[in-house]
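>>> With the sequence up front, the predicted model follows.
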Amino acid sequence: MVFVKYLEGKTFADKLAQVGIFAVTRAALIGALGVAAVVIGTAFIGFQKAAWIVLGAIYVAIGLLYTFRRAGSLKISLGPGLGGLSGSRGSVALGLLFGLNIPACAAPLIFVLLGMAAAGGVSGATISAGFVSLGLFGLALSLPIVAAVLIPSARRALDWLSALSRRLPLWTGLLLVVLGLWSIGFGLFAEIKA
C-alpha cells in the first residue's frame, strides 16, 4: 500500500513509468542478492536467516499492536520521509527498500543457487544464473503491485483489503503474528542439506 499510495494522484503515464522503475529496481537488487548468494556461498544463508528472524519479529510486533488496538502508534514518522523523494528517486528508494526483503518462499531458489555454486564452482554462468533467477523472482514479486497501480479494479480490491485491517484489527493482528512466527521459525530451522 505504501507504494500504491505514493503514486496516488499521478497521471497514468507517470504511474506506468514509476511502477516500471520500482519493479526493475527491486528485481535488480534481488538479482544482486542472488549473485551474493552464489559468490559468498553458505554465508549468505546465515544473513538471510537473520533477515527472516528480524522481519518476522517486526511482523509479530505490528501484529500485536493491531491485536491490542494500538496500531495508531505506527503512524509516527521515523527518518527521512517519502515526501522529500519525488518522481524516480522515490520509486528507486521504495524499490530498494522492498528489494531488501527476500521472502522465505525464495529459499528453494537460494538453495539451488548454493548447490550450483558448490557443484560447479563460482563461474560466470553460475553468477549470471544467480542474478537472473532471483531477479525474475523479484520482478514477479512486484507484479501484484504493478497490477494495483495500473488496473483500477485491482486497486479497488487492494483498498477493500486494506480497509479490512481497520475493521478487523484482531484478525489482521493475528494474521501478522502467525506470518511473523512462521518467518522466525523459517529463519531458525531452515537447513540446507549437502
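Looks like it arrived, so ask away.
>>> Return the residues in contact with the closest residue to Leu175 other than its chain neighbours.
Spatial nearest neighbour of Leu175, chain neighbours left out: Gly63 (7.1 Å); criterion: CB to CB, 6 or more residues apart in numbering. C-beta here means a position set from N, CA and C on the backbone, and glycine is covered the same way. Counting by CB atoms under 8 Å, 6 or more residues apart in numbering, Gly63 touches 172-180.
>>> Counting neighbours, which of those residues end up buried?
With burial judged by 16 or more other CB atoms under 10 Å, the buried subset of these is 172-173, 175-177, 179-180.
>>> returning to what we had before: from the contacts of Gly63, which land in helices?
For those, membership in helices holds for 172-180, with DSSP state H as the criterion.
>>> would you turn those into a markdown table with pLDDT and distance to Ala17?
What follows is these, written out as a markdown table (pLDDT from 0 to 100; distance: CB to CB, whole Å):
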| residue | pLDDT | distance to Ala17 |
| --- | --- | --- |
| Thr172 | 79 | 32 |
| Gly173 | 86 | 36 |
| Leu174 | 90 | 38 |
| Leu175 | 88 | 33 |
| Leu176 | 86 | 32 |
| Val177 | 93 | 37 |
| Val178 | 93 | 37 |
| Leu179 | 89 | 32 |
| Gly180 | 90 | 34 |
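>>> Least confident secondary structure element in this protein?
Scoring the helices and strands of the chain by mean pLDDT, DSSP states H and E places helix 107-120 at the bottom, with a mean of 66.
>>> quick one: average pLDDT of the top helix by length along the chain?
The residue-count maximum for a helix in the chain (DSSP H) belongs to helix 12-40. Mean per-residue pLDDT for helix 12-40: 86.
>>> For it, list every residue counted as buried.
Buried-residue list, helix 12-40, by 16+ other CB under 10 Å: 15, 18-19, 21-38.
>>> Output the below-cut-off pLDDT ranges for the protein.
Applying pLDDT under 70 to the chain flags the ranges 1-2, 41-42, 74-86, 104, 107, 113-125, 165, 192-194.
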